[in-house]
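Engineer: Attaching a predicted model along with its sequence, questions to come.
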Amino acid sequence: MPDQLHSERKRSKTNSPSRLRWTRRLVSICFAIYQLSESGKRAGIYGRCLEDVGRWAQLAQPVRMHGLTEVCRIEGGLESYLIPSEDPGIQLYIRNKHREGMRQFSAERTVIYVNGATQASEATFDLALGGYSWMDYLATHGYDVYFVDLRGYGSSSRPAEMQQPAADNPPLVRTSTAVKDLGTAIDHVLSRRALRRLDIIGWSWGATIAVPIRQATTTR
């Protein structure tokens, strides 16, 4: 009987929602590391990719939040708005979170999230689980955090072809277009905060999109 109780407790602890949630996040980051490292090998930036992503992997360790009060302090530092893309008629949705009253911003503590192929950024990065989201977590720890919805996703503009039958058009929002949208969002953040560089966190396909941005410049 004691052995059975011990087994049940162990199974319950292993399958707890908190543990499973953090496990999913760590798996996601490992997948991003794989994508960046494979692309980085070909581009000759393998070491830098692992260095950048490794720092964010450390932030995914399970820790206890400081409580709801801490999350609520973000409210005054929350903004959502649209910016123009490089193409007429297409606007990109941006969300920004940081500690309320934050006035000083640095490259080391500025980050932008970019969504993957299957869902918008909010559902990945700003979905509150257990009272706070991944975006909330970074913001409460002193980061100036942004996400962008690529065109066709979330609250960004949808290409006109999306109003037509799928069979009438080739696949939309290819990687080259997504890279262009991410570049626009990054340029916006850098200009807004008078910075020269920032960090990118890409989910799945978003990690692939980040590589050409990193290849194109060594300064941002």
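Structural biologist: Alright, I've got the coordinates. Numbers count the residues shown, from 1 in each chain.
Engineer: Excluding residues flanking it in the chain, which one is nearest residue 200?
Structural biologist: residue 210 (4.5 Å; C-beta to C-beta, 6 or more residues apart in numbering). No exception for glycine: its C-beta is placed from N, CA and C like everyone else's.
Engineer: mind exporting the helix or strand hosting that neighbour as CSV, just the C-alpha atoms?
Structural biologist: Assessed by DSSP states H and E, residue 210 sits inside helix 205-216. The C-alpha trace of helix 205-216 is given here as CSV (Å, rounded to 0.1, in the frame of the first residue of the first chain):
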residue,chain,number,x,y,z
TRP,A,205,8.7,28.5,-38.3
GLY,A,206,9.4,31.8,-36.5
ALA,A,207,12.9,30.6,-35.6
THR,A,208,13.5,29.9,-39.3
ILE,A,209,12.4,33.4,-40.1
ALA,A,210,14.8,34.9,-37.6
VAL,A,211,17.9,33.4,-39.2
PRO,A,212,17.9,35.6,-42.4
ILE,A,213,17.5,38.6,-40.2
ARG,A,214,20.5,37.6,-38.2
GLN,A,215,22.5,36.9,-41.4
ALA,A,216,21.6,40.3,-42.9
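Engineer: Could I get the full set of strands for this structure?
Structural biologist: 78-84, 91-97, 110-114, 144-149, 199-202 (DSSP state E).
Engineer: What are the boundaries of the helices in the chain?
Structural biologist: For the chain, applying DSSP state H gives helices covering 2-14, 17-43, 46-59, 68-72, 121-125, 134-140, 175-193, 205-216.
Engineer: Need the strands of the chain in TSV (columns: mean pLDDT and mean neighbour count).
Structural biologist: Formatted as TSV, these follow (pLDDT from 0 to 100; neighbours: other C-beta atoms under 10 Å):
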stretch	mean pLDDT	mean neighbour count
strand 78-84	96	13
strand 91-97	98	21
strand 110-114	97	24
strand 144-149	98	26
strand 199-202	95	23
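Engineer: Any chance of the ones you listed in CSV with distance to residue 129 as columns?
Structural biologist: Putting the strands of the chain into CSV (distance: least, C-beta to C-beta, whole Å) gives the following:
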stretch, distance to residue 129
strand 78-84, 18
strand 91-97, 16
strand 110-114, 16
strand 144-149, 16
strand 199-202, 17
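Engineer: between the ones you listed, which gets nearest to residue 124?
Structural biologist: Closest approach to residue 124 among those (C-beta to C-beta): strand 110-114, 7.4 Å.
Engineer: shaky segments in the chain?
Structural biologist: 1-73, 75, 217-220 (pLDDT under 70).
Engineer: can you do 90?
Structural biologist: Within the chain, the segments meeting pLDDT under 90 span 1-77, 129-132, 166, 171-172, 211-220.
Engineer: hey, what's residue 146 bridged with?
Structural biologist: residue 96, residue 112 (DSSP bridges).
Engineer: Correct me if wrong: it contacts residue 98.
Structural biologist: No: in this structure residue 146 lies outside contact range of residue 98 using C-beta atoms under 8 Å: 9.3 Å.
Engineer: among the strands of the chain, which is nearest residue 176?
Structural biologist: strand 110-114 (14.5 Å).
Engineer: how far off helix 175-193 does that closest one point, in degrees?
Structural biologist: Angle of strand 110-114 versus helix 175-193, following axes from the mean of the first three to the mean of the last three C-alpha atoms, to 10 degrees, is 150 degrees.
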